[in-house]
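> Fold the following for me, if possible:
(one chain, ligands or ions: 1)
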Amino acid sequence: MGLFHCPLGAPYYDDDACIDCGLCYAKTPEERVEASRKIREYMKAHAPRTSAVSKVAVCGKGGSGKTTVVALLTLALKEAGRRVIVIDADESNPGLGRMLGIKVEPKPLSDLFGEDGIFSERERFCMDDIPPGFVSAGDGVRFMAVGKILDPFQGCACSLAEASRQVVEKLELKEGEVLILDMEAGVESFGRGVERHADTILVVVEPSFESIVVAGRIAQMAQGMGIERVGAILNKVSSEDMATRTKQELEKTGVKVFGVLNYSPELAETAFEGKPVKNGVGVKEAGAIVAALR
Ligand code: SF4
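Numbering: from 1, shown residues only. Predicted coordinates for the structure are as follows:
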């Protein structure tokens, strides 16, 4: 089994990182379920234990507004005195850099993790180790991107997901730094174990049946990885009644709610235009969410 398929990142069976879960050689659905159980147990037992929020993965159904929420959380974390590093880990959507006011798109991080990548063999690295051109700075934020699928026949997104997984695992943060990732939509990244070394999973939920179901699945998988700080941010909520009903539905699936971002025509316009999110609407609510994470 190849590099991009082992949930633990082992390059081959019997490598030091391999726990012999059996997934590589499972032939029946029962054997795959048993291998999956072994992986979840291992991840739970080896999950990072940290009290401070330091590596935050923002997930959710496509269209739930993850990118806007990441931009708002970035402003709120800056207000809270944190030095924010943002990674665009979504291989499709292009708008996060613009929303953060980034003028120059960085080179794709996946170039640093491929077969000839300078970080492929590194166990740890910090922001100072990342070569120029791969980090774009703007308004107190450092921004990176794993890369995008841009061309037909470019291949699958496995190498991009693997770059995300390695950054979350290997990037050593300094005092006051916080890493926030805008993940690809849905649950595939969890199947690949990308979020395994995150300490916080925020699921963006819009008031819709599908979004709530996806949130339940994400929360279950995140907890299966041993991540303790897992919860939802309700987004684009049109009324208090809708907020209450969405919270109630999430509670039924065991998903905690960290906060609510109400529907804002101003933010919708900003998202439509692809303009930078300003320090105004939504930032106060995002600040309350950041405070609730402590
Ligand atoms: S047996 Fe499990 S841990 Fe080992 S390489 Fe295969 S998938 Fe990874």
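> for the ligand, what are the nearby residues on this structure?
Counting by Cβ under 6 Å from any ligand atom, the chain comes close to the ligand at M1, C6, L8, A10, Y13, C18, I19, D20, C21, G22, L23, C24. (C-beta placed from N, C-alpha, C; glycine too.)
> and the closest residue to D16 other than its chain neighbours, how many residues sit next to it?
Once flanking residues are discounted, D16 sits nearest to A10: 7.8 Å by Cβ to Cβ, 6 or more residues apart in numbering. When neighbours are counted by other Cβ atoms under 10 Å, A10 registers 19.
> do the same with the one 5 residues further on
By other Cβ under 10 Å, 12 other residues sit near D15.
> Now do it against S189, distance only.
According to Cβ to Cβ, to the nearest Å, D15 stands 22 Å off from S189.
> Restricted to helices, list the residues of the chain next to the ligand.
Taking DSSP state H, every one of the residues of the chain next to the ligand sits outside helices.
> Would you write out the ChimeraX command that picks the buried residues out of those residues?
Selecting the buried subset of the residues of the chain next to the ligand in ChimeraX, with 16 or more other Cβ atoms under 10 Å as the burial test, is done by:
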select :6,8,10,18,19,21,22,23,24
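> quick one: which of the residues of the chain next to the ligand is nearest V70?
Set against V70, the nearest of the residues of the chain next to the ligand by Cβ to Cβ is L8 (27.0 Å).
> these two touch, right, that closest one and G193?
Yes: checked against Cβ atoms under 8 Å, the pair L8 and G193 is within contact range at 6.7 Å.
> which residues do the two both contact?
Residues touching both L8 and G193 by Cβ atoms under 8 Å, 6 or more residues apart in numbering: I39.
> What segments of this protein are strands?
Per DSSP state E, the chain carries strands over the ranges 55-60, 83-89, 136-138, 141-145, 177-183, 200-205, 229-237, 257-262.
> re the thing from before, the residue nearest to D16 touches C21, doesn't it?
No: at 9.4 Å, A10 does not count as touching C21 under the criterion of Cβ under 8 Å.
> Ranking helices and strands of this protein by mean pLDDT, which lands last?
helix 188-191 (a mean of 80; mean pLDDT, DSSP states H and E).
> What helices and strands are in contact with that one?
Here helix 188-191 touches helix 158-170, helix 209-224, going by 3 or more Cβ pairs under 8 Å, 6 or more residues apart in numbering; DSSP states H and E.
> can you tell me the average pLDDT over the shortest one?
Averaging pLDDT along helix 158-170 gives 85.
> where does this structure dip in pLDDT?
1-5, 47-51, 148-149, 153-157 (pLDDT under 70).
> re earlier: the residue nearest to D16 and V167: what is the separation?
A10 sits at a distance of 18 Å from V167 (criterion: Cβ to Cβ).
> Check V214 too.
Taking Cβ to Cβ as the measure, V214 falls 24 Å from V167.
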